[in-house]
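Engineer: Any chance you can model this:
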Amino acid sequence: DKCGGEGVLSINIENDGTITFSSKDTQAINAAMALVKSLVVDIAAGDRFVGRVNKLLPFGAYIELMPGKEAWLHISEIAVERTEKVEDALKEGDELEVVVIDKGRKNQFRVSRKAVLLADSGSKSEDDGLVSEEILVEARRAAVTAAERRRKKNAVKTFGERDGGGDQPRRRTQPQQRESKEKS
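Structural biologist: Numbering: from 1, shown residues only. So this is what the prediction gives:
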């Protein structure tokens, strides 16, 4: 139905995996091809996409890479210079070129616009659609460092860390209780 329905589009899948689309409506064919690609594509670090901003948050934005594939763009990865507010640089519906810098658990992707801007301003003369390994390594290092700072800031100490060891918190007696115990 997303591509026009049975009366508009015909899709044939052969035993060897070949998929053929037939229709009089080229938009329906393009929509069907995009849908099939989004189901079978294997996104990896270094891949570039022109994505659309779906949702803005105070600390980043969700970018739709392709139908059904969404990625997180952190505020620190929006531009080369510091971005104070996400709304100053992006708005919902904007299209921008990003590069995948990390694939997390559950196929959650992190992307960077800053890495694309750095790669495009660099001395690379040939563009194969990938970002250089040095820029990816730097983008990953920055993302990991920021994540470590957040973890340390938000860390909750366990009983053993707080009280010097053991599974239970230490019980401290009040000075009056100690004195009464010593007299007995």
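
Engineer: switch to C-alpha atoms for all contacts and neighbour counts from now on
Structural biologist: Noted.

Engineer: where does the chain dip in pLDDT?
Structural biologist: Low-confidence segments of the chain (pLDDT under 70): 1-7, 122-184.

Engineer: the helices in it, which residues?
Structural biologist: Shown for the chain, the helices assigned by DSSP state H span residues 26-40, 86-89, 114-121, 133-154, 159-163, 175-183.

Engineer: Which parts of the shortest one count as buried, going by neighbours?
Structural biologist: By neighbour count on 16 or more other CA atoms under 10 Å, the buried set for helix 86-89 is residue 86.

Engineer: Quick one: list the elements packing against that helix.
Structural biologist: On a contact count with 3 or more CA pairs under 8 Å, 6 or more residues apart in numbering; DSSP states H and E, helix 86-89 meets strand 48-57.

Engineer: Please repeat the previous calculation with a cut-off of 7 Å.
Structural biologist: Helix 86-89 is packed against no helix or strand, with contacts defined by 3 or more CA pairs under 7 Å, 6 or more residues apart in numbering; DSSP states H and E.

Engineer: hmm, who's touching it?
Structural biologist: With CA atoms under 7 Å, 6 or more residues apart in numbering as the test, helix 86-89 has contacts from 58, 59, 60, 75.

Engineer: need the contact list for the second one.
Structural biologist: This points to residue 59. 74, 75, 86.

Engineer: what does stretch 23-41 rub up against?
Structural biologist: 3, 4, 8, 9, 10, 21, 22, 66, 67, 68, 69.

Engineer: Now the last one: closest residue in space, sequence neighbours ignored.
Structural biologist: On the basis of CA to CA, 6 or more residues apart in numbering, the spatially nearest residue to residue 69 that is not a chain neighbour turns out to be residue 38, at 7.0 Å.

Engineer: Next, count neighbours for the one you found.
Structural biologist: Neighbourhood size, residue 38 [other CA atoms under 10 Å]: 16.

Engineer: Equivalent analysis for residue 84, please.
Structural biologist: Using other CA under 10 Å, residue 84 has 12 neighbouring residues.

Engineer: ditto for residue 58
Structural biologist: Here the number of neighbours of residue 58 (other CA under 10 Å) works out to 11.

Engineer: Check residue 46 too.
Structural biologist: Neighbour tally, residue 46, other CA under 10 Å: 22.

Engineer: How about residue 21?
Structural biologist: Residue 21 has 15 nearby residues by other CA under 10 Å.

Engineer: Could you pull up the contacting residues of the residue nearest to it when sequence neighbours are not counted?
Structural biologist: Distances taken as CA to CA, 6+ apart put residue 11 closest to residue 21, at 4.7 Å, once the chain neighbours are dropped. Neighbouring residues of residue 11 by CA under 7 Å, 6+ apart: 20, 21, 22.
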